[in-house]
Each structure stands twice: as C-alpha cells, then as structure tokens.
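In: 3D, please:
(2 chains)
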Amino acid sequence: MLAKCREVGCGPVAMWGGEERGGSGRDGRGGICCRIIEVVVFADNGGELGVEKMFGVLKFRALCLQRTVVGRDLSMSNRYRYSLLLSGITNDSRDPSVDTFRSATLPILKRFGVPSEGLELKIESRGAPPHGGGEVLLSVPIVKNSLSAVNWTDEGMVKRIRGFTFSTRVSSQFENTMIHAARGIFNRLLPDVHIFTDHKAGLQAGKSPGYGISLVAETTTGCFISVNTAVSYAQGGEEGAIEETDKKELMPPEEVGEQIASGLLGEIEQGGVVDSTHQGLLFLLCALCPPDVSSIRVGKLSPYGIETLKNIIDFLGVKFVFEPDQSTGTVKLTSQGCGLQNFSRKFS
Amino acid sequence: MAIDSGSQEQSHKSHRSPHSGAKSNKKKNKGDDQKQHNPKELVPISHTGDRDTASGLWERCRSIALDRQLHRGSLQVYIFFSFVPPKINITINEAFAFSSSVKAKRLQSRASEKEQRRLHVPTIDRTTGEPAPYVVVVQGPPQVGKSLLIKCLVKHYTKHNLPDVRGPITIVSGKQRRVQFVECPNDINGMIDAAKFADLALLLIDGSYGFEMETFEFLNILQKHGFPKIMGVLTHLDKFKDVKKLKKTKQRLKHRFWTEIYDGAKLFYLSGLIHGKYPKREVHNLARFISVMKFHPLSWRVNHPYILVDRFEDVTPPERVHMNNKCNRNVTLYGYLRGCNLRKGTKVHIAGVGDYSLAGITSLADPCPLPSAAKKKGLRDKEKLFYAPMSGLGDLLYDKDAVYININDHFVQFSKIDDENGGVPHKGKDSDVGEVLVKSLQNTKYSVDEKLEKSFITLFGKKPDSLLQAPNGQEDAHKFINQINDEETDDSDEESDAEELDGSEISDEDNLPDDPTTKILDSDSDEENNDALEEQCSSKNNLTEHIEFHDGRMRRKAFFGDDSDHDHLKDSVEDDGSEDDDLDDGSSSHSDSSEDGEDHRIDGLTEGEMGNASKWKASLAERMMRQTVNLEQLVYGKSGTMASTSNEAQASSDDEQSGDDEFFKPKGEGNKKLGGVDGGNVDIDDCSKFTNLSSLKNWKTEELIESIRDRFVTGDWSKAARRGQQLEATGDDDDDAVFGEFEDLETGEKYDGDLKGNNGDDETHKDDDTEIEERRLKKLALRAKFDTQYPSLLILILDPLCQADEGFFDKLKEEIELRKQINIAELNKLDEATRLEVEGYRTGTYLRLEIHDVPFEMVEYFDPYHPVLVGGIGLGEENVGYMQVRLKRHRWHKKVLKTRDPIIVSIGWRRYQTTPVYAIEDINGRHRMLKYTPEHMHCLAMFWGPLAPPRTGVVAVQNLSNNQHLGSQQTAEVLEFNHAARIAKKIKLVGYPCKIFKKTALIKDMFTSDLEIARFEGAAIRTVSGIRGQVKKAAKEEIGNQPKKKGGHPKEGIARCTFEDRILMSDIVFLRAWTQVEVPRFYNPLTTALQPRDKTWQGMKTVAELRRDHNLPVPVNKDSLYKPIERKTRKFNPLVIPKSLQAALPFASKPKNIPSRRRPLLENRRAVVMEPHERKVHALVQHLQLIRHEKVHSFKRCFKS
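Out: As a prediction, the model looks like this:
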C-alpha cells in the first residue's frame, strides 16, 4: 500500500531505512518492502529502481503502471484485469491476513467503484510464519476511468458476524476450540454468527505449523469490521531464539478465540465505518477519487492511518478535514479527491 | 426533449383530430409557442385514457407542488410549465396533429435524431460561484480590423474610447456575464496559446480579399485544443461596389466557412466603416451574439486550472536588479482562475517560459465584479466596469498589500527618458516636490543598506557628522540621502541636473511634511530594510506613497494610515494570515465588502491599537484558542494550519507557538501518536494493523456488553438511530473543538474556563450567523436535491414507458447533479481557510501568483500584445517519457515528414521541440518504423517529452518562421505513454558460405561474434535461390573453423547453418529480422517569451537544414543506386560422359559417333521431275498450306495483342 501511494504521485521517491529497519527490527521486513517494490517495478513501465545498501536508501521513480499478468493466467478475460501470484506468509499475527483481505478489504474497494467482477483473491495454499509457503492469486480489474467518491458516515448496526479459522500442520481440533470460545462471547449479542473452518494439509499447508482466526462483522450499512490473528512459533522474539527454546509455549486456542472476539467487539465499540487496520486504505481511496467530496467516519485514528494521511498530503496534495465527535469518540473526515485518472490505459 | 417525445406520441393520433390541416396547424403552433414545452409532462396524462385517474394524478401533482412551494420561494413559473391541467392538454394535442403521414414520419425521424444528438456523455460541472469572464479571442490576418473591432465592442459596452488594445480587456457585459477581449497576435506561438484559452474565437476575415491562411491555421489549432465556440466576422465589405457581387461573395465565403466548421456556423457581416468605426447597429448585434453564447466544457480545460494573465509585475527587490541587471527575477502574475480549482502546491507552466512552482498565491478582490443582484433591467452606467491594466486603463489597482494609483503618461513628464533626450525641460524652480523626489529616486543606485555602509566609512572621513545626525530628525535623514546622491553623481550629465533639483529642493525642505523622507526611503529600499529608518521618522500625515516605475509609467503605491500603524501592519501580516480575518470579524464594524481589504485591515488594527484593552485581550485569547492542538495539527503538524497567504515568512510566530505547544497535548493517545508519527521513530513496524490485543477489555461482563448492545441489530433500533442523529447534529459545529482530553500543565482548568467565556462573548452573534447560514445552505442543497429528483419522480409516477426510454441517461445526469450539490453543501460547511486547503482556490477568483526565479528575459521582453498563459500541471504531467500519438500530415503540407526531424508540438499547455519516430502498426501488432510519414494516412509517432494524458490533442509545426508555417501543421492525438511498445525496423543480415558440407554450411560475415550467434540460434535463413535453412550454432574448431596458423584463436562470428538442400559457394545467405529503434530522448521547451517577440525562435535544426547551411551534399550509398542490369551469358562446358558410363548405357542413349561423308547419299543427291498434273497438285497443296500458316499466324498475333 505504501508503494501504491507513492506510485500514483508519480514523483521520484527515496525511501530511507529500508535495509536497516529490516536488520534491527523484524527480520526480513525490509526484504518484504523490497519485494513489494519489485512487484511494482515489474508492473511499472519505465520506472527506475535503485538500492543503495550502504545508506539503506531506496530510490524509486515510477512512471506508469501497465497491465501485466504475473504468474499463471487463469481466466480468459485477463485483458481487463491484473493478476498476481503472490507467495509467502499468508497469516500471521502482525498483518491483516488473507481472509481479512478477502472479506473486508475487497468490499471497501467495491464501495469506491472498483468493478466487482475480476476482483478476487484466491487462496491456493496457506503459509504461517516463519517459513511461509503460502500462495494466493490476486486479481484486480482495471478501473475504467476513476473511482467514485463516497459519503460513508453511518456505521449502522452489526447484523452478522462471519469468520474463518485456519490450521496448518496442526490438528483441526484447534479450530473448533477457537470457534467455540469466540461464539461464547458473541452469543449474548447476536445469534447470526458463522465461523467456517479451513484446515489445510499436505502441500496446501505451507511450511510451518500454525493456526488462527479472522472475524468480520457486517453492518446494516455495508461496513465490514474485521480483526484477525494467528498463532505460530515465530510469533515472539527472533528466529534463532525460537529454535533454541524450540517448544515455547503457544497461546492456547481457547484464549485465541476469546481474545479475537473481544478484539472485534472493541473495534465495533470504537465506531467508524472501517476497522483500524483499514483506515489507511480508506484515506487513500478517498484521496484518489475524482474531485468530489468524500466524507467518511472512522474511530480512533491509528498511527498507520496518520502516516498515510501525511503521505497523501505530500504526494497527492489532498487534505482532510477532521470533525471529531466526542459523544461517540469517532472522527468524521472530509476530503476532496485529487482527481486521479487512469492515464496508463491506451486510447484507440 | 419535451417537444420531441410529444410529437412522437401524437403522431399516430393525427387522423383523429377534426380540423387538421397544414394551415391551421401552423397558426396554432405559432400561437402556442409558450406551451410547446408542456407535452413532455402532459402527454402521459392523456395517455392514461381514463380521465379520473388523470385528474387524480393531477391532484397528487398539485399537492406535491404545494409541498414544494414550502421549500421554494419563486416556483410559480416552474409549476406552470410542469402542471398544466389536462383540459389545455387536449388543445395542444390538436394543435400538433399532422395532415400527411409522410410529414409525420419525417418529423418523427427528425425528432428522434434530435433526441440522439442530445445525448452527450454528461460531465460534472464542478465550478461554483461566478464564472470567470469568458475569453473572446479576436483573430485574423494583419490589417483586417481586429483592434478596431475590440475598440468598437469596448465602446459599445462601456462608452469608453480605447486608445490601444494591449493585453486582455475585461468588461462587464451584462448582469450575469463578464467578457474578456484578447487580440490574438499574428504568429504561430501566439495563436497556439490563444487557442488554448479562447472560449469564443472571433475569426475576422477580409471580405474583399477572401480567406487567408491565418484563419485556417487558427481553426486547425483550435480543433485540436478542444474546439471552443467560433464565429466568423467578415469585414471590409465596403470595398464592393456591386451589390450582386457582394451577395455572391458573402455566399461563397459562408459556404467555405461552413465546410470548415459545420453547416450553419455563424458568419457575421460588418459592412464597412462609418467615421472610422464599425456601424453601431452591427456592433450591437455582434455584442448580442456574444452575450447569449453558451459555452460547453472542454475536457482538457475542466481538468486543469489556468490563468490568462491580465497584469504582470516585476517584484524583484530593486537592489538585486541594481547589482546585476540580469539576475533572475521575481514576478507576479494576475488573472482570473479558470478551468478547475487551483490547489496549493500545484506547479504551473507559463507558456513560452517553462515550469515553475508557485511561491505564493493570493486571492484578490475582483477588479471587475458583477453588479449586485438587485432586480432591475439592464446595467446602469456605474456598473459598466472595465478592467485592462495592460492597456493602461483603470486608475486604481488593488494589490495584496497596497493600492496603486495610475497616472497617465501625459501627466508625467519627468521620467528618466525625458531627461535623457529632452535635456532640461523644466527648471528647478517650478518643479514639483514629487518630481524632485522621483528624480532623486531615479538617480540613486544603491540601496539603503549600502548607503548606510558607505556612510559608515565616511564617518571617519570628510563628513563625519552625517550619520550621527541622521537619527536625530527627518530633515537630517533627508539631507543624508541627498548627500549620498551627491557622492554618487559622477557619471552623466543628467546627474548634475538632478543635483540641481535637489539643491533647489533643499530650500523648500524646511516646511515640507515629513513623509517625503519616507517616500524616498520606502521606495528605494527593500521593505524590511527600511523599517528601521522609518521608525525614526514619526509622521503626522495619513497618506504615504510608494512610487515605482513600471513600463515607463509612474505608479504610486498608496499606504493609508500612519507609519506606526504601517509597522504594526507589517508585523501582523507576518503573523498567521487566518488570524487577520478573525480580527476583522471581531473588532471592526466596517462593511465587509472585500474590495477594500486593505484599509479594512488597518482599521481593525488601529482600533485594536487604540488601547481598548478588553478587545486586545479578546483577540489574544482567540489567537490562543487557535493555537490549541486539534486533530488536524496532530496529523499534519504545524505547517498544515498555517496562513492562507502562504509565502509569508512566519518564523517569529512559529517560535512563539512552538513554545506553547508543549502544554497542549492530549493524554496518552496523543503522545503515542506523535511518537509513532514523527520521523525519529523509524524502527517501528510499517504495518497497517493496529490492534492492541493485550489491552482488551473483558467483554464477558454484563455492563460492557450492554454498552454496545445498541450497535447490534438485536439491540434497540431507535436508540441506534438517535446515535446517528446526534452524530449529525454535533458533528457540524464543533470544528474547533478539541478532541480527547487535554491536560494543561500550568493554568489547567482556569484557562479552559476563560477560553469558554471568551468564546461565548465573541462568537454568539457569529454563531448565530453561521447557524443561519448553514441552515440556509442545507435548505438550498436539499432543494437542489429535490429539484433533480423531482422531474424523474414525476415521470416515474406518470409514465413508466417514458422512464424506460430515457432512463439511463437521465439517471446519469441526475446522479451527477446530486453529486454536485453534495459537494457544494459539504464544502460550504467548512470555514474559508479550511475550504481553501481542501479544495483550493475556486474558479472565477482573481488571483495573484508570485513566481520566483524566472529569467530576466521574461521581464525584459515582456510584450503586452502577447497574452501570457499560465496553466496548472496535473498529477504526473511533469514527468517526462515516451508518448505515442496518432498523427496525420496536414493535407496542405507539401512534403511528407521525415523520421527524427525535429518538430514543434503543442500538447496541453506546453509547446516543445522533439524528434519523433514515425511508425505504422502491422497486422500482427508490431510497430514498424517508417522513414517518412504516409501521404494520406494516419501513422503513429513516438517521441520523448512531458507526458500528457491520452486523448489530448496535439498540434505539430515544423518551423515557426512567420511566412511559412501555413501548411506545415500536422494534427495528432495522444494515444498512450508507453515504454514497452517499441518501434521496430526490418534488418537483413547478409552472409556468405565459407565452407559447405552436405546440407550444412559455415556462414561467415553474417555475425560479428559468437555471442551474437547465440542470440540468433534457430533463426530462419534463406539463400537467394530460395533454399531455406536455420542457424545452428557458432562453428567450432574441429569442423573447419580453424585459425589460419594454428596458434591463433578460431575466427569469431562463423555460424554453422543447415539448409534443406546443398547450397553453392556462390549463394548469398540472408537472415531477416527485426530490430528495435531507439527514439531519441530529446525535448526542448519553446522559450518564445524569453526573446523579442518578432524574432523567430531557433531550436534544433533538421539534417537537411544543416546540410544546406554547411553546403554539404546528400551522402549517397553507391550500392543503393539503380544501374542498368548487365547479365553475362553463361558459358557451359560441353557435356562429357565418362567411358565406363557410356559402356553401361543402352544403345539408344549412347552418344553416337557418325563419321562424316565426303559425298552425300544418293537420296539427297537425286533430282525429282514431276508430271504436270502432279505439279499442279503440289502447287495447290503448297498454296493451301501457306493460307493455313498465315491464318494461324494472324490468329496468334491477335491473341498476343
């Protein structure tokens, strides 16, 4: 998403701390960053990428994004979409998982006028940290002209809760336990709760054992509020340490279920039309709209959301107006889109 | 639409009408002109057939209408049109009856055609408020009467005589409309720029001469830059003496004009001159045409902000110019904002100069405002404003922080130029004080800073007391200046003149008011520098002047108020700009007309300074309130909230504020935010997920669950609904409210209370105002919403068929209208400063753009006859890349264009020179390079340059020289910008066999290295004789590719190839392939504004031009020349059959050796004597055969030919 933000601004960009960050903080984080940019550069036409490892600086100059098909081409109508086969970790506790992406992120995109046909994420196999091994096929349609502005300030009432659990290389009983624990909390509020299991085995299970759950609450106004988590050995500390201790205690599935259910209720309590994870995306989409006014409501601003807002004003020149509402603890944001149009398509 | 559908519906009823006839029909039509609008709404009612239901519907409509009337003030007209009772309807039906089915059919088809023509892709019109004046470009060949037409039109509108048409002239032409007249300069650059900002182009054509190329050129340019409205004007029609001839010429020209634009395009005739002017009546008519013209949005222009500069100033600090005359200048450009909103941070392109970022934008009061919306007919004379600063009209100019009074050149006779050529026209005694001052001003060469420095040196020199005395009194200060002048008078005789004047002035000096001193100091120095000196001279007078020279014309900048105020003003201006507004609102009871923003502000300040302590405190408190941290500041930091006047340096206030900021931070969360957000903490994860799972509440407890019970559908719906309402209600008016809790470390609660109290005092009436305003706006938005929804609603109720017919289109339009209203409503909620941040400057505002570091040539060669266009650059359009356009040679261009010959293209706002490579798309999608453009076809052209979005029109010109660009334009359209779709050209590699095995051969000379061969492995090759083959691999040593003397390396570039048959040593082997063509990365922006306008811009030359210049011949490749083909007859050796083979052959095939005879055989020797009968028979047979042969021959001949 970071890369995307920079992409559209179309100015040369230098990013600092790519490698260093990877070294000091989480291992491989900088690597992932580079991978993302590699994808963008691959898809980008005429862009330039230069990495200066010594200073941890990454320079990137984007030009225009072209339609490309990466990986296998499944559909006949690939002319109108953009498909990528991505591999790596699909579920971990730090990032939004693929389930969340599928059930909460894609509806947000649809809301902004991304055509729904061709917009899909297919999970080929799952991979838990540390070794990953998951594979997803993401296909995104080409947005014809531009996105459309939204007026999305009513979060509505939660009408149903859906969820997915997964387990790779562990017993499928873990999933049932998680579901049971989560339902125990929701049952006092809402009867319409369905959580599906997805037990993967063999090749589809990736390279590391793990299990996790993601939940989505759908409201009467079409908002999707999601949380997710996953448990695996790589969760805390560094990789080397794990191998030494080896059998470090993992969080039991019951606790995971309860924790995640509480997390979802917390997000719901916070208010806003999206959860805190998707704030950045929401702001970005608002900023990319044609010069119409979008108004949205979010709960407490997340650090990532704030960072995105700063990036947006730097690259797109779009400023948001904040209208905090003390009674509900939410913020209404209003902005006028930057009027980005799809210039990369061919006119004939 | 209304009429069409109506007639369509009614056509089949025509037979029913009792008195239908062409004549009666016509009459009624005429009579019912007003009612023609009705059928759309009415027909459906009659269609229902059932009267009762119809009237029932009518009742419903009326009730709806009455409901609406509550919302609307003046609805009567609308209702009248929409809801006419069915009774009238019948008469209309009869009126529309047709007599013949043919006619009905024709009308029907016409109606449907019109219906189709109506269908445009609806575009959202995002402009709000008053539109900027429409630009009317008057274009035509020289001596056709362009300026005269403008003069006449100006005279018609304003009753003023314009001496000279320079630059844009803005005129209030009606109650709702302003018009800006621009004369199009007569060179291709000027025409291209004019085509980009024209809303209406008046093409002047010399009727007595006919069309000239300029007209067609301009049309051609217009077509590619959006095609604005066009109107032709024929002049010089009094040259015709013969009426018939005149009529015929008019007809001819009209039809030629129509073929160029469209049938029915308006061509206006101006019949000759009366007293050197066009006839009043005709000018009046033309003005009417202009004032009712409708303008369609043009796609490029609605997406880009642009400004047609109608005022231009050089604001470089004078001492910098004194130091170096050729230093980069700071300029300000003034003009109405058009197109779309201009956001801060947008880069602009100044046509003919280059790309610049804006150093400052200020919106100024409209110099030529529309009359107030009072209800009356026509314009009063007072409201017939006009504004043309470049033409030297309009006496007052309001700038951001000053007011200029123009004094006509006639009244100013003491400019420097006069001095130089006129010697001493006026002697010292009668000269005015002002003149003297100006004189001294002109003669100073150093700024106050330097003077001060210099005087420091002289302190210990011959005049030690000059500086010491300076601070004591104004008079001394003045003397001191004079003295410096004295020191500097060393170069010319004019100086002595000035000195003399100075001397004469000193005598008067004693009883002068104080401000002359300030005049001098003020004008000569930078504003910051003079503050120090100004402070010393306290003045009594209320008016100061700031005199500066511009365009050889004197201008006096007027400062109102006393000096100390002035200082104060300076300070306050440097403060937060938004604060000023507040001060105005709070303390001044002045009328809030924004026109005199200048003294308005000062008034506010003076009042503030009067010592009214409470007010002073109030303003301070207000300021403090502004400084409290809100969410916006948390996110965007300090700079985000700063100043609407963005260029003002704000160091001091920033410092103050940063001190305060420490105290106002939200608890917990805010700290966290700042920590995470600031640059210091790079090591945190860059992750969108932010759920702190450890700090979760225990959701099993009953009260917690109850607290969010209402967020679920199982909860209380009414409570949830109330929550939403509450959101709406509170969300609106607490913009400034602080989010979250804040702890104040020092004063704590007390400050909080204080703030509230002030808030209450100050803002009660303001609050009321805003509330009322908000309510009004909301109502407006609602009404607009209703308006847009309503017609369709009606249709929906009345006739589902109709809805199905045009549902999609209308729905689309409706959505767009709704969108627009929502936008307006949302934006109007915001206060002015925030709105500016969010949406930028609105179209139609008069802007002052400050641009730094432009080359001095722009100022030096500035020519008011050439309008300056400033266009905003969209997202990503400043990037440079390859662009692909579809191009067609203009049919009047004599030659084809050559690949890589530089051409000048005009895309978007820009004009630049670039080197295109032409190509054509083959069937398989390959782009094959073309050396020359096709004669009559489109082709692709790829070139390097600043990117423009697809579908942008392009005009290409080969050279700019004034006489020859006529037929040299090409037109094109951007297709895409693409780096992957490369242009390829055919390449033929030629090789010769060096060794031949059976079907394998080693080919030399085709490749230069083994690496190259590796690239071409498997490539198909063929010999001249048609034997096909394939490249295998580089030849290895063991199969013949041996070094000459065993020591060396094997020769590189020999390929082993296989063929379908054995080839000969004499064969030539070809490999046909495609190679990519590099498009040169060259583009050169046209800097026509940086040179004298009459000079032709010279860019890169074409190869042909270079050859011509250097007298070089065209290089000729000898092999490419055509020569007569000489084929040697091939000599074959006699066939030799080996003896062994001969022996094995059968007898028939054996070569036979027959020995030659000395005497011929008897059969050959004997004579035959025939009988007479036999002879006759023989002769006859011979004759017959001859005839037969002849027949065959002739037949063959016939057949051949």
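In: quick check: mean pLDDT of stretch B:972-992?
Out: The pLDDT scores in stretch B:972-992 average 83.
In: which helices and strands does the lengthiest strand in chain B pack with?
Out: Assignment by DSSP state E gives strand B:983-996 as the longest strand of chain B. With contacts taken as 3 or more CB pairs under 8 Å, 6 or more residues apart in numbering or on different chains; DSSP states H and E, strand B:983-996 sits against strand B:927-930, strand B:1000-1004, strand B:1069-1077. To be clear about C-beta, it is placed using only N, CA and C from the backbone, and glycine gets the same treatment.
In: what is the burial count for the closest residue to chain A within the stretch 151-300 of chain B?
Out: Residue of the stretch 151-300 of chain B nearest chain A, by CB to the nearest CB: B:Ser299 (10.7 Å). Neighbours of B:Ser299 under the rule other CB atoms under 10 Å in any protein chain shown: 15.
In: and for B:Ala1144?
Out: By the criterion of other CB under 10 Å, B:Ala1144 has 10 neighbours.
In: now tabulate the helices and strands packed on strand B:983-996 in TSV and tack on distance to chain A and mean neighbour count.
Out: Converted to TSV, the helices and strands packed on strand B:983-996 look like this (distance: least, CB to the nearest CB, whole Å; neighbours: other CB atoms under 10 Å in any protein chain shown):
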stretch	distance to chain A	mean neighbour count
strand B:927-930	13	20
strand B:1000-1004	38	23
strand B:1069-1077	15	16
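In: ok so, going back, how about the nearest residue to the residue of the stretch 151-300 of chain B closest to chain A, chain neighbours excluded?
Out: Leaving out its chain neighbours, the residue that sits closest to B:Ser299 by CB to CB, 6 or more residues apart in numbering or on different chains is B:Gly226, at 7.0 Å.
In: which helices and strands does the stretch of helix or strand A:Cys286 belongs to pack with?
Out: If you go by DSSP states H and E, A:Cys286 is part of helix A:279-288. Applying 3+ CB pairs under 8 Å, 6+ apart, we find helix A:279-288 packed against helix A:2-9, helix A:106-111, strand A:293-298, helix A:303-315, strand A:330-336.
In: export those to CSV and tack on distance to chain B, mean neighbour count and mean pLDDT?
Out: Formatted as CSV, these follow (distance: least, CB to the nearest CB, whole Å; neighbours: other CB atoms under 10 Å in any protein chain shown; pLDDT from 0 to 100):
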stretch, distance to chain B, mean neighbour count, mean pLDDT
helix A:2-9, 7, 19, 36
helix A:106-111, 12, 18, 91
strand A:293-298, 4, 24, 91
helix A:303-315, 4, 21, 87
strand A:330-336, 5, 24, 90
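In: could you dump the ones you listed to JSON lines with distance to B:Arg982?
Out: Converted to JSON lines, the helices and strands packed on helix A:279-288 look like this (distance: least, CB to CB, whole Å):
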{"stretch": "helix A:2-9", "distance to B:Arg982": "23"}
{"stretch": "helix A:106-111", "distance to B:Arg982": "33"}
{"stretch": "strand A:293-298", "distance to B:Arg982": "40"}
{"stretch": "helix A:303-315", "distance to B:Arg982": "30"}
{"stretch": "strand A:330-336", "distance to B:Arg982": "39"}
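In: of these, give the one that comes closest to B:Ile1027.
Out: helix A:2-9 (53.1 Å; CB to CB).
In: buried ones in the helix or strand that contains B:Lys103?
Out: Using DSSP H and E, B:Lys103 sits within helix B:101-118. Neighbour-count burial for helix B:101-118 flags B:Ala104, B:Leu107, B:Gln108, B:Ala111, B:Glu115 (criterion: 16 or more other CB atoms under 10 Å in any protein chain shown).
In: partner residues bridging B:Phe1059?
Out: B:Gly1029 (DSSP bridges).
In: next up, the contacts around it.
Out: B:Lys999, B:Thr1000, B:Ala1001, B:Thr1023, B:Ile1027, B:Arg1028, B:Gly1029 (CB atoms under 8 Å, 6 or more residues apart in numbering or on different chains).
In: without its sequence neighbours, what residue ends up closest to the third one?
Out: Leaving out its chain neighbours, the residue that sits closest to B:Ala1001 by CB to CB, 6+ apart is B:Pro993, at 4.5 Å.
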